[in-house]
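Novice: Kindly generate the corresponding structure for this input.
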Amino acid sequence: MKQFNGQYGCLYCYDEGEIYNRACIYCPDMAHNLRTNKVFEDLAKKADRAGQAQYGIKGKAMLADTIELPQCIPPDYMHSILEGIFKQLMKYWFDSKFHSHPFILRKFMNKINALLLKIKSIKEIQRQPRPLDLISFYKASEYRAWLFYAFPIVAQFLPPEYSHHLSLLVSSLHFFLIISILTISILLTECYVHFISLVGTYTPHQYILPICIRFSIQCHWSGFGTPVVLFYVRL
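Specialist: This is a model prediction of the structure:
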């Protein structure tokens, strides 16, 4: 399979994607055709014979005889949301190249850093907040922690429509990690509608909700456990 940022790089659909500012994005469109296991296998065979990728599929996967692709691959909120959407939002807030946009928070970095350093984290958060000057070195767990205190901190400095948009993302992820799928669908739909109008670009897919419903609570499928598994594999 091609990488997520390549042509036809989505595991779940046939959307080719569009290049915007040297990045592959997926524009709002309710007519995405989803991949099925049968077509996935057929395209893999064609790719093997032709020696080139077919709709993003480069050939037969090693686990193709063991699991159904892509139906048995759950989305990973660690990469998709924490190191994807939320990291992107923080880039918009604090990157100087967005200085002319209404959502820029770079001019408030000193005040936000001061608020960060006053935070006393709950026991579930192992890392203490680091200054925003080190944002390029943030780990996924730090972005996850940021979701706990992002809204009460940055809402003081963001315009109301952007604060509301952030609250939708934080609330929907909270419910994603428990069980209220109906609430998620309402919040994510509104968040999706506002994303491109507020920020000017869009990378997530709107059909991700039914895929997440299939796998239930997302914390069971996140990539946070991968380093532990790899440690024991090396042993």
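
Novice: Tell me who's in contact with L117.
Specialist: With contact taken as Cβ atoms under 8 Å, 6 or more residues apart in numbering, L117 is in contact with P129, P131. Using the backbone N, CA and C atoms, a C-beta is placed for each residue, glycine as well.

Novice: give me that answer again for 7 Å
Specialist: Residues in contact with L117 (Cβ atoms under 7 Å, 6 or more residues apart in numbering) are P129.

Novice: list the buried ones in stretch 11-28?
Specialist: Using 16 or more other Cβ atoms under 10 Å as the test for burial, stretch 11-28 gives L11, Y12, C13, D15, G17, C24, Y26.

Novice: correction: stretch 83-102
Specialist: So for stretch 83-102, counting by 16+ other Cβ under 10 Å, buried means E83, G84, I85, F86, K87, L89, M90, Y92, W93, F94, F98.

Novice: Distance of G6 relative to A150?
Specialist: 30 Å (Cβ to Cβ, to the nearest Å).

Novice: now do K60
Specialist: According to Cβ to Cβ, K60 stands 42 Å off from A150.

Novice: do S171 as well
Specialist: To A150, S171 is 12 Å away according to Cβ to Cβ.

Novice: Next: H99.
Specialist: From H99 to A150 the distance is 21 Å (Cβ to Cβ).

Novice: just for the protein, where's the confidence low?
Specialist: By pLDDT under 70, the weakly predicted segments of the chain are 28-31, 178-235.

Novice: Strands along that one, start to end?
Specialist: 18-20, 23-25 (DSSP state E).

Novice: per the record, what domains does the protein have?
Specialist: Per the record, the chain has its domains at 1-73, 77-225, by automatic domain parsing.

Novice: what's the first-to-last distance across the first one?
Specialist: Distance across domain 1-73, first residue to last, is 13 Å (Cα to Cα, to the nearest Å).

Novice: got it, and stretch 5-24?
Specialist: Using Cα to Cα, the end-to-end distance of stretch 5-24 comes out at 5 Å.

Novice: cool, stretch 113-133 as well?
Specialist: In stretch 113-133, first residue to last residue: 9 Å (Cα to Cα).

Novice: what's the neighbour count on the residue lying closest to I125 once chain neighbours are set aside?
Specialist: Distances taken as Cβ to Cβ, 6 or more residues apart in numbering place A145 nearest to I125, at 4.7 Å, with adjacent residues excluded. Residues near A145, counting by other Cβ atoms under 10 Å, number 23.

Novice: And the one 4 residues further on, by the same measure?
Specialist: The burial count assigned to Y149 is 16, neighbours taken as other Cβ under 10 Å.
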